[in-house]
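> 3D, please:
(one chain, ligands or ions: 1)
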Amino acid sequence: MNSDYDLPFPQYRCPTCGKDLPLGEARMTVTCADHTEKAPVDFEVRRAQPSDRSAIETICDRALGETVVDVFGETFDIIDGINMIAVADGELIGLMSLVVRQGEATIVFVSVYPEHQGTGVGSALLDAADRFAAERGLSFLRVATTNDDVPLIYFYQRHGFAIYDVAVGEVADRFGSATPGFSSIPVRDEIRLRRAVCAD
Ligand SMILES: CC(C)(COP(=O)(O)OP(=O)(O)OC[C@H]1O[C@@H](n2cnc3c(N)ncnc32)[C@H](O)[C@@H]1OP(=O)(O)O)[C@@H](O)C(=O)NCCC(=O)NCCS
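Modelled structure (predicted):
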């Protein structure tokens, strides 16, 4: 899948012309609810197995360039996380990685390949995270995103998450500068969101 792209890897796909877009080239648009629907796709969501490791490394590589993520003041290796994957036709199409911290299910990474976005994969991964938390008696699901990542901030708020903390300047401090992110917006802050676990 996508093995012949030049760096940086695309994170989004233009719904108008189909062009694959690295983060800096992506732009937002506003549309009416009737025009957001895409053709449904057959996929399943399941807990990752050891045999999924290489596919997990690939999706992390394309989103981050590595499997390590710094968030909530800690460094996590996604490989060691609780990984929920979406699979279509035997191929991994999306990943949500979780850990349990301070009694809360914590999402440390999410990514859906551009060609499968907007078809409910991210929402299904979130449902799986919710079920994971409910089965373990955890009351909250939390996540952090960066200030530039408007699609993720939208996605989580649409799913009932509320901002409870902003670590102002945290990301810029870590890298020593504000690097360009989604739509070339400077990445400075870590925005933390939380929602009560809703699964029965
Ligand atoms: C944000 C993301 C996880 C959402 O996953 P998804 O499978 O597209 O989500 P869904 O299909 O379940 O859509 C849920 C909502 O998110 C919106 N959405 C977010 N990103 C979208 C995209 N790229 N295309 C279409 N819809 C998107 C949808 O409009 C939908 O909103 P609605 O409920 O108002 O209709 C996914 O777009 C993604 O992986 N983006 C790249 C993340 C990233 O920035 N990675 C790099 C750094 S880690």
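> what is the three-state secondary structure of the closest residue to residue 180 other than its chain neighbours?
Excluding its sequence neighbours, the residue lying closest to residue 180 (CB to CB, 6 or more residues apart in numbering) is residue 24, at 5.5 Å. (C-beta placed from N, C-alpha, C; glycine too.) Classification of residue 24 by DSSP: H, G, I helix; E, B strand; the rest coil places it in helix.
> in the longest helix seen in the chain, what's buried?
Assignment by DSSP state H gives helix 121-135 as the longest helix of the chain. By 16 or more other CB atoms under 10 Å, the buried positions in helix 121-135 come out as 121-122, 124-134.
> closest to residue 82 out of these?
The closest of those to residue 82 turns out to be residue 132 (CB to CB; 6.6 Å).
> so which bits of the protein are right by the ligand?
Counting by CB under 6 Å from any ligand atom, the chain comes close to the ligand at 11-12, 36, 63-64, 110-112, 117-123, 149, 151-152, 155, 158.
> hmm, which of these are the buried ones?
11-12, 63, 110-112, 117-122, 149, 151-152, 155.
> picking that back up, contacting residues for the residue nearest to residue 180?
For residue 24, the contact set (CB atoms under 8 Å, 6 or more residues apart in numbering) comprises 8, 180, 181, 182, 183, 184.
> save the buried residues of helix 121-135 as a markdown table, and put in pLDDT and distance to residue 171 too.
Shown next, in a markdown table, are those (pLDDT from 0 to 100; distance: CB to CB, whole Å):
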| residue | pLDDT | distance to residue 171 |
| --- | --- | --- |
| 121 | 97 | 26 |
| 122 | 97 | 22 |
| 124 | 97 | 28 |
| 125 | 98 | 23 |
| 126 | 98 | 23 |
| 127 | 97 | 28 |
| 128 | 97 | 27 |
| 129 | 97 | 23 |
| 130 | 97 | 27 |
| 131 | 97 | 30 |
| 132 | 96 | 27 |
| 133 | 97 | 26 |
| 134 | 97 | 31 |
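> quick check: which ranges of this protein have low pLDDT?
Low-confidence segments of the chain (pLDDT under 70): 1-7, 200.
> grab the longest strand from it for me.
When the chain is scanned for its longest strand (criterion: DSSP state E), the result is strand 91-101.
> can you list the strands that that strand pairs with?
Paired strands of strand 91-101, with direction, are strand 82-88 (antiparallel), strand 104-112 (antiparallel) (DSSP bridges).
> wait, which of these is closest to residue 16?
Shortest distance between residue 16 and those, using CB to CB, is found for strand 104-112: 19.2 Å.
> centroid-nearest residue for the chain?
Nearest residue to the geometric centre of the chain (CA atoms, centre = their mean): residue 110, 2.2 Å.
> leaving aside the residues next to it on the chain, what's closest to that residue?
Nearest residue to residue 110, sequence neighbours excluded (CB to CB, 6+ apart): residue 96, at 4.8 Å.
> before we move on, what about residue 115?
Among residues not flanking residue 115 along the chain, residue 13 sits closest, at 6.1 Å (CB to CB, 6+ apart).
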